[in-house]
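> show me how the following folds:
(2 chains)
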Amino acid sequence: MDSVLRAVAMYLALMVLFKIAGRRSLAELTTFDFVLLMIIGEATQQALLGDDFSITNSLLVIVSLIAIDVGFSLLKQRSGWVSRLIDGEPTIIVENGKLLHRRLRHARLVEADVMEAARSSQGIETIDQIKFAIIERNGKISVIPQES
Amino acid sequence: MKTDRDHPDLQSRDYPVREDMAYQAKVWRFERCGWYVLVLLVVLGLLGLFSRGVISSREVSSNDGYLRAEYEMFHRNGSTNAMKISLIGKPDATLELDIGGELLEGFSVESLQPQPLRSRNSAQGMRLWLQADGQGQATLYLTLRGDGLGLFRSRIESPGSAGVELVQFIFP
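Residues are numbered from 1 along each chain as shown, chains lettered A, B, ... in the order given. Below is the predicted model:
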């Protein structure tokens, strides 16, 4: 019983924590983010398995996690409200070459982040060449260039 | 006066994606409040709310001063913490110590040092016989591993002396 409860508790706790961290937190993995992710994984592992290293226990934990995950994706499919709650919504941050500063500030982004995404995805040099930049639900910035 | 929400930057757009900025503002507010909660948890963690720190480490003495216990008020399930019980009695005497209440239900005693002369079950829990030194002092070091969950009230006493009450909480 406790294996399932552990899995549910850790799943929900991590979900709330990553909601707090915001969608950008692990979207663009820097070297440090990668290390951080591994440390989080290590810290989670003990709590998930406890002192029981049997195959049954690890399978039970994995089964519980996948069941919750699939359950949530089914819920998201049925209800727009749940989908919005879990995945969030895309947000426009550049409109016709102009940065929407208030939004950037709330999203904890700076112009350099937007330009980095623009350069790497579209080969854009200046902000005027961007028609729209949007923070997607997965935290990545997608860039639509101005039509020349 | 214009509020933040009326700023043109924060109006909802319909193209190229349909936005609901009122909702997005709530998400951002949640992130901000969540960050305060995280900082609060870190500070409380440093202070010892989750074991080992100023809030958690306790020292209690009986009214007559013969019995003293140092222990952690907050434990975590599966982790071990030390407890120190000091007794004062007659020089070179054998001192009796009763550990009772819920302590033995919530914790497993991983080690007892020094080994008591004798031990047995008692109505409340367990009774230990300790050898006092030339000054009449005896000290017992215990290592406790939290096995239970929740609040545990226990009592440590020595016959002929006032006892001490311990309140301990085990986090999941």
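> quote the end-to-end distance of stretch B:60-68.
Taking Cα to Cα, to the nearest Å, stretch B:60-68 runs 6 Å from one end to the other.
> do the same with stretch B:109-127
14 Å.
> report whether it contacts chain A.
No. Stretch B:109-127 stays clear of chain A (Cβ under 8 Å from any Cβ of the partner chain), getting no nearer than 13.6 Å. Just so you know, the C-beta spots here come from the backbone N, C-alpha and C atoms, and that holds for glycine as well.
> next, the buried residues of that stretch.
With burial defined by 16 or more other Cβ atoms under 10 Å in any protein chain shown, the residues of stretch B:109-127 counted as buried are B:116, B:125, B:126, B:127.
> got a list of what the residue of chain B found nearest chain A touches?
Distances between chain B and chain A by Cβ to the nearest Cβ are smallest at residue B:34, namely 3.1 Å. Residue B:34 sits next to A:16, A:19, A:20 when contact means Cβ atoms under 8 Å, 6 or more residues apart in numbering or on different chains.
> try 6 Å
Contacts here follow Cβ atoms under 6 Å, 6 or more residues apart in numbering or on different chains; on that basis residue B:34 touches residue A:20.
> try residue B:131
Residues near residue B:131 by Cβ under 6 Å, 6+ apart: residue B:117.
> where does it land on pLDDT?
pLDDT, residue B:131: 91.
> same check, this time on the one 3 residues further on
The pLDDT attached to residue B:134 in the predicted structure is 90.
> quick one: which helix or strand includes the closest residue to it other than its chain neighbours?
Distances taken as Cβ to Cβ, 6 or more residues apart in numbering or on different chains place residue B:91 nearest to residue B:134, at 5.4 Å, with adjacent residues excluded. Assignment of secondary structure by DSSP states H and E places residue B:91 within no helix or strand.
> next one: residue B:91 from residue B:127, what distance?
According to Cβ to Cβ, to the nearest Å, residue B:91 and residue B:127 sit 22 Å apart.
> cool, residue A:82 as well?
58 Å.
> residue A:83 is in contact with residue A:76, isn't it?
Yes. Between residue A:83 and residue A:76 a contact is recorded at 4.0 Å, counting by Cβ atoms under 6 Å.
> and the strand or helix carrying residue A:86, what's buried?
Assessed by DSSP H and E, residue A:86 sits inside helix A:80-87. Within helix A:80-87, the residues scored as buried using 16+ other Cβ under 10 Å are residue A:83.
> pLDDT on it, on average?
Per-residue scores along helix A:80-87 average to 89.
> tell me how far it is from the chain's mean position?
Computed by Cα atoms, centre = their mean, to the nearest Å, the chain-centroid distance of helix A:80-87 equals 14 Å.
> and if you look at stretch B:135-145?
For stretch B:135-145, the distance to the chain centre is 19 Å (Cα atoms, centre = their mean).
> where along chain A do the helices fall?
Under the criterion DSSP state H, chain A carries helices at the ranges A:2-21, A:31-49, A:55-78, A:80-87, A:101-106, A:111-122.
> tell me which of those helices is the most buried.
Among the helices of chain A, helix A:101-106 has the highest mean neighbour count (mean count of other Cβ atoms under 10 Å in any protein chain shown), at a mean of 18.
> can you pull the contacts of residue B:39?
By Cβ under 6 Å, 6+ apart, the contact list for residue B:39 is empty.
> close to chain B: what parts of chain A are there?
Within chain A, the positions near chain B by Cβ under 6 Å from any Cβ of the partner chain are A:20, A:22, A:90, A:91, A:92, A:100, A:102, A:103, A:106, A:132.
> could I get the phi/psi values of the residue nearest to residue B:134?
When read as degrees, to the nearest 10, the backbone of residue B:91 gives phi -60, psi 140.
> for it, give its distance to residue B:114.
17 Å.
> pop the domain breakdown of chain B in here.
Chain B breaks down by automatic domain parsing into domains covering B:5-47, B:57-171.
> average pLDDT for the shortest one?
In this model, domain B:5-47 has a mean pLDDT of 90.
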